[in-house]
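Asks: Next input, structure requested:
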Amino acid sequence: SAVGTTRTAIDVGNRLGRGIEQRACTPEAFGISRSGGMVMKVLCLGGGGRICRESILDLVKFSEFTCITVADVDIHAAESVGQWLDDPRVDVVQVDVRDERKTVNLMREYDVVMDGLPISLNDLSTARIAAAKVNGINLNGMSNEWDFDSAVKEAGRVVVPGFGMTPGITNLMAMHAANQMDTVNVVRCSHGAFRPIAFSQAIAETTRIEYDPELSSRIVFEDGVLVQVPPFSRPLDITLPEPYGTHTQYIIPHPEPVTLSQTLASKGIRLVEARGTWPPKNMRLIQAMHEWGILRNDQVQVGDQKVGVLDTIFAHCLQSPEGKQTELYGYALHVEVIGVRSGQSVRHILTHTHPPSDGSVDDWSGLRAYTRCVGIPMSIGAQMIGSGHVRAKGVVAPEQLFQPEAVFEEMKKRDILVHQEVQVGWTETG
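Replies: A predicted model of the protein is given here:
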């Protein structure tokens with residue numbers, strides 16, 4: 001049958017604490033009357049980082065939180081962010097999530113914990129959030145957050161694992177399309193993250209984890225089962241919005257195959273895949289290291305000591321200009337959903353765009369075109385949780401908690417736009 005295609009943009013309608021002790025963050029400290037409205041406090045873990053600071057800036061610009069605390073193990077980084085934000089609602093505190101007692105006691109003073117810590121610390125941070133019996137949200141969703149579902153549910157709170165661009169907005173794009181279908185057969189979540197390979201320790205860690213040959217969470221959902229695959233599996237050319245172009249993408253260890261397969265089970269979902277790419281130079285390096293066995297991080301003798309070969313390469317990346325620069329910055333999502341509506345096969349392609357990184361738009365120049373895209377969704381989610389717009393309890397996937405169009409509308413206010421192309425009567429051969 002003939003294929004009808006439509007393309008649309010989705011339109012839905014300083015005061016700083018010093019040292020390790022936190023300054024009292026009360027409404028009165030900022031001249032806010034307790035009778036003047038609801039008091040809401042948010043603790044921002046990893047707030048000194050390049051991504052989480054963008055989440056915090058978004059809170060300052062758009063939220064109704066009356067106290068916004070920048071929390072980091074590096075107090076100097078936290079203070080620098082506090083000075084940059086220059087807002088009377090902002091204070092800073094030094095916190096190390098490995099210190100259970102201090103971290104839990106601190107968290108108990110807040111309504112929401114916004115967790116911008118790296119993947120390797122998300123198990124600890126989620127454990128502290130559950131023990132403190134507060135609401136939480138994080139960027140990654142790639143740890144064992146689900147182990148704390150019972151504790152979070154019993155406390156009557158909610159924790160959202162993985163609410164950046166992907167996982168996060170990709171989940172909502174998939175649901176936006178799936179909600180328009182009677183049955184859903186295929187979901188393919190793809191993205192291009194155009195950033196340096198190691199502009200921070202956390203980003204270097206993410207790069208290493210995603211292509212770790214021993215990683216068990218690199219999976220796809222296929223015909224009712226989760227299938228583990230090796231690095232560089234199932235290559236597929238994905239065309240991203242300009243200026244990013246077409247790139248070969250591979251399966252990555254993201255949670256969308258797990259959560260979307262559960263969320264869409266009633267619609268007959270058969271295949272869920274998550275893919276990604278980085279700048280071509282980054283991908284060439286990672287693929288070469290995979291082919292040469294370097295990603296195993298074997299210990300090698302150098303002089304009179306043994307070192308991990310991958311440790312050495314990433315130490316170089318973290319300390320070299322090549323590791324901290326790239327030619328094109330930004331983020332690009334691409335979500336394909338195939339199903340049936342009213343007896344006809346339909347295919348939805350959803351993408352997103354943001355202001356250019358060329359310096360022509362304030363706050364979007366260079367690396368910030370990437371870090372803002374990643375950080376802003378977590379802020380939006382924290383605001384929705386804090387304002388009581390979500391009712392679910394426990395550890396809940398983004399697509400099971402947030403209404404896609406409400407989030408897209410919030411993104412639009414930040415000049416991040418979601419676009420949709422619909423093909424009716426679509427077949428594999430076009």
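
Asks: got the contact list for the residue lying closest to Lys393 once chain neighbours are set aside?
Replies: In space, and not counting its chain neighbours, Lys393 is closest to Lys153: 4.9 Å by Cβ to Cβ, 6 or more residues apart in numbering. For the C-beta atoms, the positions are set from N, CA and C on the backbone; glycine is no exception. Lys153 sits next to Lys393, Gly394, Val395 when contact means Cβ atoms under 8 Å, 6 or more residues apart in numbering.

Asks: Can you select the buried ones from the residues you listed in PyMOL?
Replies: The PyMOL command for the buried members of those (criterion: 16 or more other Cβ atoms under 10 Å) is given here:
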select buried, resi 393+394+395
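
Asks: could I get the contacts of Lys153 as CSV with secondary structure?
Replies: Formatted as CSV, the contacts of Lys153 follow (DSSP: H, G, I helix; E, B strand; the rest coil):
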residue, secondary structure
Lys393, coil
Gly394, strand
Val395, strand
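
Asks: need the longest helix for this protein.
Replies: Counting residues, the longest helix in the chain under DSSP state H turns out to be helix 368-386.

Asks: how distant is that one from the center of its chain?
Replies: 8 Å (Cα atoms, centre = their mean, to the nearest Å).

Asks: Could I get the buried residue list for that helix?
Replies: Within helix 368-386, the residues that count as buried by 16+ other Cβ under 10 Å are 368-386.

Asks: For Val422, name its beta-bridge partners.
Replies: For Val422, the beta-bridge partners are Thr6, His348 (DSSP bridges).

Asks: residues contacting Tyr400?
Replies: Quick fix: residue 400 is Gln, not Tyr. Counted by Cβ under 8 Å, 6+ apart, Gln400 has contacts Thr259, Thr263, Ala392.

Asks: and the least confident of those residues?
Replies: The member of the contacts of Gln400 with the lowest pLDDT is Ala392, at 93.

Asks: what about it, distance to Asp237?
Replies: Distance from Ala392 to Asp237, counting by Cβ to Cβ, to the nearest Å: 37 Å.

Asks: Same check on Asn138?
Replies: Distance from Asn138 to Asp237, by Cβ to Cβ: 31 Å.

Asks: same check, this time on Val81
Replies: According to Cβ to Cβ, Val81 and Asp237 sit 39 Å apart.

Asks: for Val95, same thing?
Replies: Going from Val95 to Asp237 by Cβ to Cβ gives 44 Å.

Asks: Can you pull up the most central residue in the chain?
Replies: Gly164 (2.3 Å; Cα atoms, centre = their mean).

Asks: From His290, how far off is it?
Replies: For Gly164, the distance to His290 (Cβ to Cβ) stands at 25 Å.

Asks: Ser143 now?
Replies: In this view, Ser143 and His290 are 23 Å apart by Cβ to Cβ.

Asks: the more surrounded of the two?
Replies: Ser143 (22 against 17; other Cβ atoms under 10 Å).

Asks: Okay, and the nearest residue to that one once chain neighbours are set aside sits in which element?
Replies: Among residues not flanking Ser143 along the chain, Asn122 sits closest, at 3.9 Å (Cβ to Cβ, 6+ apart). Per DSSP states H and E, Asn122 falls inside helix 122-132.

Asks: Just give the strands next to the helix or strand just after that helix in its sheet, each with its orientation.
Replies: Sequence-wise, the next helix or strand downstream of helix 122-132 (DSSP H and E) is strand 135-138. Sheet pairing for strand 135-138, assigned by DSSP bridges, gives strand 112-115 (parallel), strand 158-160 (parallel).

Asks: hey, where'd the strands end up in the stretch 151-300 of the chain?
Replies: Taking DSSP state E, counting those that start in this stretch, the strands of the stretch 151-300 of the chain run over residues 158-160, 183-194, 219-222, 225-228, 236-240, 245-251, 271-276, 299-302.

Asks: Quick check: what element follows the last one along the chain?
Replies: Read that as strand 299-302. Past strand 299-302, the next helix or strand by DSSP H and E is strand 305-308.

Asks: Convert that following strand to CSV, retaining C-alpha atoms only.
Replies: This file holds the C-alpha atoms of strand 305-308, laid out as CSV (Å, rounded to 0.1, in the frame of the first residue of the first chain):
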residue,chain,number,x,y,z
GLN,A,305,55.6,-1.7,37.9
LYS,A,306,52.5,-3.2,36.5
VAL,A,307,49.7,-0.9,35.2
GLY,A,308,46.4,-1.5,33.5
